[in-house]
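Asks: give me coordinates for this.
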Amino acid sequence: MSGDRRLTTHVLDLTHGTPAAGLSITLFALEGGRRRVASAVTNADGRCDGPLLAGDAFASGLYELVFDVGRYFRDQGVPGPAFLEEVPIRFVAAEGRQHYHVPLLVSPYGYSTYRGS
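Replies: Below you'll find the predicted structure:
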């Protein structure tokens, strides 16, 4: 059943040691050109209120999540120019009923990601 298939994310602010609330995220599908398919803003827990894509809308293929970390850190009052403005994460979603969870651990100067569960 395709209803199990979904894409979620969680963003943690390593500078403040908190979830990154209010961070804008845009999702692009990259098969056949770059096409915006979803956008969201993280909630108080650093998560989106629902999946970025789910079910049949989440087709297999190449995707790019773009996290607007520069604006987020400016809004948090972090001084100085941003070193990281946007963090793009490209990943491949395979066929099947899989949950793709893409966490982002971020500071103004670096980030880490992995395929979560």
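Asks: show me where pLDDT drops low in this structure?
Replies: 1-3 (pLDDT under 70).
Asks: show me where the chain has helices.
Replies: Along the chain, counting by DSSP state H, helices occupy 69-75.
Asks: strands along that one, start to end?
Replies: 6-13, 18-19, 24-29, 35-41, 53-54, 61-67, 87-93, 99-107, 110-113 (DSSP state E).
Asks: in TSV: those strands, plus distance to Pro79 and mean neighbour count.
Replies: For every residue, glycine as well, the C-beta is placed using N, CA and C. What follows is the strands of the chain, written out as TSV (distance: least, Cβ to Cβ, whole Å; neighbours: other Cβ atoms under 10 Å):
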stretch	distance to Pro79	mean neighbour count
strand 6-13	15	21
strand 18-19	18	15
strand 24-29	21	19
strand 35-41	23	14
strand 53-54	36	18
strand 61-67	20	18
strand 87-93	20	14
strand 99-107	14	19
strand 110-113	17	14
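Asks: select, out of the ones you listed, the one closest to Gly80.
Replies: strand 99-107 (12.5 Å; Cβ to Cβ).
Asks: I'm done for today, thanks for sticking with me.
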